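Chemist: return atomic coordinates for the entry below.
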Amino acid sequence: MYINNGTNETVEDMIHMNSSISQYNYALVAIYSVSLIGGVVGVIFMTVFLFNSSIKLSVTTTSIINLVLVHSVFLISVPFRIEYFATNEWKHPFFLCKWVSIFIHSHLYISFIFYIAILILLPIVLWKGYTFLQAPPCFFASCLVWVVVFVSIFPPLFIQYGKHGHYSTNKCFEFGKEMENPFVALLNYVIIITVLLTVFALLVCQLVILVKVVMKNKTNLLSRQEFRAQLKNLNFLMVIIICFFPYHIFRIYYIQHSQGNDHTNHYNEICLAITSLCCFDLLTFIARGS
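Modeler: Predicted coordinates for the structure are as follows:
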């Protein structure tokens, strides 16, 4: 009787686990599907808008072009994620799994770099009128970012990614064993702290600037260019906070509890999937007339 009870409990646990995994997969498929549709529509409309507009190359325009590029590259990998989470089986060469996994993290941080560039440089250009922040310096700076990413980051990342554990070739995006490496864990902590502190500092500065603008112009605020510019910057910060904060905050817990905990791994994947929703930023640009 004891054996039967133990067996029944084991079967019930397995059924419950499979049900939970299915629920996680449904959520992931839904998030990535929404990101794919919104991202593709945003890339197409923004590309058409840029080709048909007479807007000169500037800090904002250069950053938008880079966001179009980084979103486009990332969106190519999204169907592979949707297929995997829909079938719960990786049906492609394993090296492709590594590339797809690298793409989403690269997309996150490259997008973050260009968001920060807009938040910092745009107010300087509007208020100080520094010509060295106009094109072509911005264009060459963005080219430098891409060269550094593709030459200095991608090759070593691909070589080292997934190197510290043995992984099944029919499973993907399960690289939690990498956190057993002290250097990898430390690097993750440094990135998390850098992102959170950077956004917090920018948010405080933005609120201080916004209060000063309001105090200076107490009437007809919406007609003031500097006030509208600050509202746009707040929109960028909201995108970063909504899409990127859940992943980085939960990542602290994940680093410490990723081993042998399927629920933790799935929650980490959901938070990572939420970062892909930043692809909707292009639609917000279009709605505001860029």
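Chemist: distance-wise, check the closest residue to G176 other than its chain neighbours relative to C97.
Modeler: Leaving aside its sequence neighbours, G176 sits nearest to S258 (CB to CB, 6 or more residues apart in numbering; 3.7 Å). To be clear about C-beta, it is placed using only N, CA and C from the backbone, and glycine gets the same treatment. Look at S258 and C97: by CB to CB, to the nearest Å, they are 18 Å apart.
Chemist: ok, N181 next?
Modeler: 19 Å.
Chemist: now do H266
Modeler: Taken as CB to CB, the span from H266 to C97 is 17 Å.
Chemist: those two: who's more crowded?
Modeler: C97 (23 against 17; other CB atoms under 10 Å).
Chemist: and the more buried one, what element?
Modeler: For C97, the host element (DSSP states H and E) is helix 94-128.
Chemist: next helix or strand past that helix?
Modeler: helix 137-148.
Chemist: contacts for stretch 187-206?
Modeler: If you take CB atoms under 8 Å, 6 or more residues apart in numbering as the criterion, stretch 187-206 is touched by 109, 112, 116, 119-120, 179, 230, 233-234, 237, 240-241, 244-245, 248-249, 251-252, 255.
Chemist: now, the residues you listed that are in helices?
Modeler: 109, 112, 116, 119-120, 230, 233-234, 237, 240-241, 244-245, 248-249, 251-252, 255 (DSSP state H).
Chemist: among the residues you listed, name the buried ones.
Modeler: F112, I116, L119, Q230, N233, L237, I240, F244, F245, H248, R251, I255 (16 or more other CB atoms under 10 Å).
Chemist: for those, which one is nearest I274?
Modeler: Relative to I274, the closest of these is F244; by CB to CB it sits at 8.4 Å.
Chemist: show me the contacts for that closest one.
Modeler: L108, F112, V195, V199, T275, C278.
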